[in-house]
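In: Predicted coordinates and the sequence they were generated for:
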Amino acid sequence: MARNKKKIVILGGGFAGLECTKKLEEYFKNDSYVEIVLVSEDNFLLFTPMLPQVASGMIETRHIVMPIRTITKKAVFYEGRVKNIDPYGKIVNLWGSRDKRGISIHYDFLVVALGSETNFFGMSDLEKNAYQMKTLNDAVLVRNRIIDMLEQAENETNPILKKSLLTFVIVGGGFAGIETAGELVDLLLDVRKYYPNIKREDIRVIVLEALPNILPGFSESLAKFAQEKLTEHGVEIKLQTAVTSFNGDEVMIKRLDIDKDAIDDSMVSSIQSKTVIWTAGVTPVNTIKRSLFKTDKGKIIVDDTLEVVDFPGVFAIGDCALFLDPKTQRPFAPTAQIAEAQAKIAAKNLYSLIKNQEKIKFVYESKGQMAIIGKRTGIASFLGMNIHGIVAWLLWRNVYLSKIPTWDKRFRVFLDWTADIFFDRDISRLKFMRREPEKEYKVLDEVDDVW
């Protein structure tokens, strides 16, 4: 019986990877001959929709991370970073370092859910100088940066320098950018009373978006409402505007709606700012790009059952899989909702493969979209209805609270939200340093599986 033991390896502990693991655990909970292995760089699930609220100090840092070992039941868990995947030898290699042995894991079936990383579109100066909103570390760094700028500006006598210290630029008008802008303004307005030399008009929060509208994917009317509310709240939104460079002091921007043939100085301009937060795009991780899987724009090409082309028994889901929306013939947006929907189908199809049943096609039906845009205001497209204002804000809170996998973290987030009604935000600046990349050791210390 042991020889027939099947091993399913899932790479990635984000929404897609963890949901797929949970579903597989349900399907095979009584099957001792199926082993499930989950590999993740971190030993926790990061609840990314609430990152902007961590950056604004509304939610405590630890309250949006859920240890993977408390969520999974049957799966064997490895904390490690994937070095490479050998789909011919059916082996996954994990990086080794000075403190950690490199590991080789054999698989019979594989699910690739490695997500994405920030895409700076080749602009190295932005990569070096801009802040991001992708990890917990990013959110804490952004919060520290904002408080640091307020501390410096409070006692700054040079008006030009003071203005640049208090100008915050967010690049990208999607979910992450808009929610970050809303939370940022809330934080700045809430804590301004502690800084008597900073006036309301000194603070500028600017969102730059290359497209003609913010929040692509929402209806035009809802996106317009969001833009109006953010503008009322004090956020400047510049549409059809692309960033070309940022040296740490000055953001160079280019207008995209001006005739390219016209010689016009207004096409290129600059914003004096010390802080840029980049939320303008994602790209699959390098492990995928250099893999043997067929890719398009860095994403793994899958068929309509989410199985990888040319490699039966290998599935790709979430941000790293290329799956076109049949209506638009464009890739789906990289959202947690799609990642979880794909995870369920991949798990079902793996079960079907092992049990010799018919696989099913992935058909996506959106349950709706939601975003919060600042103090007790949100927008939602839900059950065919467009909702905005405090109702949408309450809906957002209820839905996302229910999505948090563990009850203790739900309760803690709820307490954080409640405390925010009665108390001011904390303005302590925690001294975190930007993390230097860990040295990677090329020599892999092979650990073979014993069967």
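Out: Sure thing, it's come through. Numbers count the residues shown, from 1 in each chain.

In: Could you chop this protein up by domain?
Out: 2-41+80-118+283-366, 124-280+369-422 (automatic domain parsing).

In: can you pull out the helices in the stretch 201-350 of the chain?
Out: For the stretch 201-350 of the chain, the helices defined by DSSP state H, counting those that start in this stretch cover 220-233, 286-289, 336-354.

In: between those helices, which gets nearest to L114?
Out: When those are compared by C-beta to C-beta, helix 286-289 sits nearest L114, at 6.1 Å. For the C-beta atoms, the positions are set from N, CA and C on the backbone; glycine is no exception.

In: what comes into contact with the closest one?
Out: Applying C-beta atoms under 8 Å, 6 or more residues apart in numbering, the contact partners of helix 286-289 are V82, K83, N84, I85, V112, L114, T295, G298, K299, I300, C320.

In: Select from those residues every entry located in strands.
Out: The strands, defined by DSSP state E, take in V82, K83, N84, I85, V112, T295, K299, I300 from those.

In: what pLDDT does E60 get?
Out: On the pLDDT scale, E60 is placed at 93.

In: residue contacts, it?
Out: Contacts of E60 were listed using C-beta under 8 Å, 6+ apart, and they are V54, R412, D416.

In: What separation do you get for it and N349?
Out: Applying C-beta to C-beta, to the nearest Å, the value for E60 to N349 is 39 Å.

In: Please apply the same query to N356.
Out: Noted for N356: a distance of 12 Å to N349, by C-beta to C-beta.

In: Neighbour count: the two, which is higher?
Out: Neighbours were counted for N356 and for N349 using other C-beta atoms under 10 Å; N349 has more, 23 against 6.

In: who are the neighbours in contact with the more buried one?
Out: By C-beta under 8 Å, 6+ apart, N349 lies in contact with T305, L306, E307, F315, K359, I360.

In: Does the last one touch L353 like I think?
Out: Right, I360. No. With contact defined as C-beta atoms under 8 Å, I360 does not reach L353; the gap is 11.5 Å.

In: all strands of the stretch 1-150 of the chain, in order?
Out: Applying DSSP state E, counting those that start in this stretch to the stretch 1-150 of the chain gives strands spanning 6-11, 34-40, 44-46, 65-67, 76-79, 82-86, 91-94, 103-106, 109-112, 116-118, 131-132.

In: of all these, which lies closest to W396?
Out: Closest to W396 of those is strand 44-46 (C-beta to C-beta; 18.4 Å).

In: Can you mark which positions in that closest one are buried?
Out: Neighbour counts over strand 44-46 (16 or more other C-beta atoms under 10 Å) mark F44, L45, L46 as buried.

In: which residues touch the residue lying closest to M50 once chain neighbours are set aside?
Out: Leaving aside its sequence neighbours, M50 sits nearest to I64 (C-beta to C-beta, 6 or more residues apart in numbering; 4.6 Å). Contacts here follow C-beta under 8 Å, 6+ apart; on that basis I64 touches L46, F47, M50, L51, Q53, V54, L136, I404, K409, V413.

In: How about G374?
Out: G182, E183, V185, D186, K229, L230, H233, V235.

In: at 7 Å instead, please
Out: Residues near G374 by C-beta atoms under 7 Å, 6 or more residues apart in numbering: G182, V185, D186, K229, L230, H233.

In: Tell me how far the third one lies from A55.
Out: It refers to D186. For D186, the distance to A55 equals 11 Å [C-beta to C-beta].

In: Then the fourth one?
Out: Computed with C-beta to C-beta, the distance linking K229 and A55 is 20 Å.

In: Tell me where the model's unsure across the stretch 251-400 of the chain.
Out: 258-266 (pLDDT under 70).

In: repeat that for 50
Out: Applying pLDDT under 50 to the stretch 251-400 of the chain flags residues 263.

In: And the strands in it, which stretches?
Out: 268-272, 275-278, 282-284, 295-296, 299-301, 314-316, 321-322, 368-372, 378-382, 385-389.

In: Quickly run through the sheet partners of the fifth one, with directions.
Out: Pointing back at strand 299-301 there. Strands that pair with strand 299-301, judged by DSSP bridges, come out as strand 295-296 (antiparallel), strand 321-322 (parallel).

In: so what's the backbone phi/psi at R376?
Out: In terms of degrees, to the nearest 10, the main-chain angles of R376 are phi 50, psi 40.

In: I'd assumed W393 was in contact with it.
Out: Yes. Counting by C-beta atoms under 7 Å, R376 touches W393, with 5.2 Å between them.

In: Look at the two and report which has more neighbours.
Out: Set side by side, R376 and W393 give different neighbour counts by other C-beta under 10 Å, the larger being at W393 (22 against 14).

In: Can you tell me who the residue nearest to that one when sequence neighbours are not counted pairs with across the strands?
Out: Leaving aside its sequence neighbours, W393 sits nearest to G378 (C-beta to C-beta, 6+ apart; 3.7 Å). With DSSP bridges as the criterion, G378 is bridged to I372, G389.
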